[in-house]
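A.B. asks: Kindly generate the corresponding structure for this input.
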Amino acid sequence: MVDRLPRANHSNAAERARYISESSIIVDGHNDIPHWVHKYGFDLGSSLSDSRTVNAEWIWVFGERFASPSAETLRTHTDLERMKKGALNAQFFSIFVHPFVGIAPEVMRDEALSIIDKMDQQIAKYNDRMVLACTPEDVRIAVSKGLLAGMYGLEGGHAISDIRDVSTYLDAGVSYVTVTWAVSNRWAGSSSDHGRSKGLTDAGRKLVQELNDAGIIIDVSHISDPAFWDVLGESRAPVIASHSSVRALVDTERNLTDDMLRALAENNGVVMINFGGIAIDPRKRSNLALAFDAARHLQFSNPSIKQVADHIEYAVNLIGSEHVGLGSDFDGTLFLPAGLKDVSGYPRLVQELIDRGFTDQDIKKILGENSLRVMSEVQDLASQPVDSCLKG
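C.D. replies: The predicted structure is shown next:
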C-alpha cells in the first residue's frame, strides 16, 4: 500500500478513487444486514440479478403491514457481490435485538447470540469470500488474502442481561458494544427517549470497566449527552461513535456536538459518519422536518453524497483526520444519498473527498486505518490478550 498516489498515474478522478479504495482497508462501522439474515433468511450471497422487489428500508418504518417479504424478494443495501464492487473489505455487522416492552434481558441476550449464530453460518457458507475477524491482525490477514473481514458489534446494552454476559459476547466474537439503542436501559440513558437527561448508572460504570478489561470497544452512538460524558470520564481506552454524524450540521441528538467531537479526539477515539439522511440532511432531522420536506416537494427530497462529505470534512477540520471514519448504517437507515445507496458506493465517496483536496494518506485513515488503530489500542489495554478468530 502507498500513502500518496501520483495523480499522473490516472487519467481521471474516478480511476484514482477506485485505486485508493482497492488499495486501502475500508472499515465500515455499522451495517444492520444481520437483522435481515436472522429474521427473513436473507443470504449474503444473493445476486443482483435476483428478482427482489420489496425494499427493506420501508419495512423498518411500516413493518409487515403491506408486505411480508421472503429472502428471495428482499432488496437490501448489502450483499457480498456489491461489497466487492464497492471495495469494502472490513465490515462491523450490527447485532441488534429490538427491546420490545416486557422482554426479559436474558431473552434478548439469547436472541442476540442466535443472530450471531446465523451470521457465523453465513461466514462458514462463504468461507472462500469472508472470515470472522476479532483483532486488527485478523483484519489485515483477511484483506491480504482477498477476503472480507467480518466483525460483530452488539447494538444496545439491553441485550446484556448481566455484566457476566460480556465474556459470553467476547467469546462469540463481539468487538464493540453500543451502550444503548433508542431506549434507555439499566446501564445508561438514551438520546431518544425519557433518558436524555440521564447518564451512566452505577451498573453502567461497572460495565464500562468490564468492557475495557475484555478489550471490547465502547460505542457511544445512541447514548444521551450526559452518558457520553460519563463514558469518556470512565473509560481508560478509546471509544467510537459507530454511526453518528455532526450536530453542528444537523441538529439531532443522535449526532455529536463540537465539544463531544473534541473530547472524542482527546480520548483518541473515532466518530464514524452515518450516511443516512436522518443524520446528514437537516430536512430530515425530525418527524416535523420530514413532513415539511415531503409537503414541499410532494415527495421526500434526496440527500446528496456531498452532505456525507460535508460531515466528514467538518469533523476533520475540527479534530483532525486521525479521528474520523465511516459508519454507514446500511440496512438500518432511510434516505440514503444518490450514489451511496448501497455498499457498492464507497469509491464514489472517495472521489468526492479527492475533489475536496483530501490527501491519499488522510483518505486511507478515514476509510479504515483510524478504526483499526482504536481496535488495537483497546485490545492492548485489555486485562488479557484478545484471541484471534481466524482458523487454520
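
A.B. asks: for the stretch 151-300 of the chain, what spans make up the helices?
C.D. replies: 165-171, 202-214, 225-234, 258-266, 277-280, 287-297 (DSSP state H, counting those that start in this stretch).

A.B. asks: can you give me the angle the fourth one makes with helix 225-234?
C.D. replies: Same thing as helix 258-266. Helix 258-266 runs at 20 degrees relative to helix 225-234, counting by axes from the mean of the first three to the mean of the last three Cα atoms, to 10 degrees.

A.B. asks: For helix 258-266, give the mean pLDDT please.
C.D. replies: For helix 258-266, mean pLDDT rounds to 98.

A.B. asks: ok, and the closest non-adjacent residue to residue 229?
C.D. replies: residue 199 (7.0 Å; Cβ to Cβ, 6 or more residues apart in numbering). C-beta here means a position set from N, CA and C on the backbone, and glycine is covered the same way.

A.B. asks: Ok, residue 387 next?
C.D. replies: In this structure, residue 387 finds its nearest non-sequential neighbour in residue 134, 6.7 Å apart by Cβ to Cβ, 6+ apart.

A.B. asks: Ok, which of the helices of the stretch 151-300 of the chain comes nearest residue 351?
C.D. replies: Nearest to residue 351 among these is helix 277-280 (17.5 Å), distances taken as Cβ to Cβ.

A.B. asks: Which secondary structure elements does that closest one sit against?
C.D. replies: The contact analysis (3 or more Cβ pairs under 8 Å, 6 or more residues apart in numbering; DSSP states H and E) places helix 277-280 against helix 305-319.

A.B. asks: Enumerate residues external to whatever helix or strand comes next after the helix it packs on that contact any of its residues.
C.D. replies: Going down the chain from helix 305-319, the next helix or strand is strand 324-326, by DSSP states H and E. By Cβ atoms under 8 Å, 6 or more residues apart in numbering, the residues outside strand 324-326 that reach it are 26-29, 240, 270-273, 275, 312, 315-316, 346, 349, 365-368, 370-371.

A.B. asks: what's the neighbour count on the residue nearest to residue 387?
C.D. replies: Residues within reach of residue 134, counting by other Cβ atoms under 10 Å, total 23.

A.B. asks: rewinding a little: against residue 377, how distant is the residue nearest to residue 229?
C.D. replies: Distance, residue 199 to residue 377, by Cβ to Cβ, to the nearest Å: 24 Å.

A.B. asks: Of the contacts of strand 324-326, just the buried ones, ChimeraX syntax please.
C.D. replies: Buried subset of those, written as a ChimeraX selection, criterion 16 or more other Cβ atoms under 10 Å:
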select :26,27,28,29,240,270,271,272,273,275,312,315,316,346,349,365,366,367,368,370,371
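
A.B. asks: In strands, which of the contacts of strand 324-326 appear?
C.D. replies: The strands, defined by DSSP state E, take in 27-29, 240, 270-273 from those.

A.B. asks: Turn these into CSV, including pLDDT.
C.D. replies: As requested, the ones in strands among the contacts of strand 324-326 are arranged in CSV below (pLDDT from 0 to 100):
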residue, pLDDT
27, 98
28, 98
29, 98
240, 98
270, 98
271, 98
272, 98
273, 98
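
A.B. asks: just the residues you listed now: which is nearest residue 68?
C.D. replies: Of the ones in strands among the contacts of strand 324-326, the one sitting nearest to residue 68 (Cβ to Cβ) turns out to be residue 28, at 28.9 Å.

A.B. asks: Any idea what that closest one is bridged to?
C.D. replies: Beta-bridge pairing of residue 28 under DSSP bridges involves residue 91, residue 326.

A.B. asks: That one against residue 331, yeah?
C.D. replies: No: using Cβ atoms under 8 Å as the test, residue 28 is too far from residue 331 to be in contact (11.2 Å).

A.B. asks: low-scoring pLDDT stretches of the protein, where are they?
C.D. replies: Within the chain, the segments meeting pLDDT under 70 span 1-11, 48-53, 64-67, 284-301, 392.

A.B. asks: which residues in it form strands?
C.D. replies: Shown for the chain, the strands assigned by DSSP E span residues 27-31, 54-55, 74-75, 90-96, 130-132, 148-155, 174-178, 217-219, 239-241, 270-273, 324-326.

A.B. asks: which helices and strands does the fourth one pack with?
C.D. replies: This points to strand 90-96. Against strand 90-96 (3+ Cβ pairs under 8 Å, 6+ apart) you get strand 27-31, helix 33-40, helix 105-125, helix 136-144, strand 148-155, strand 174-178.
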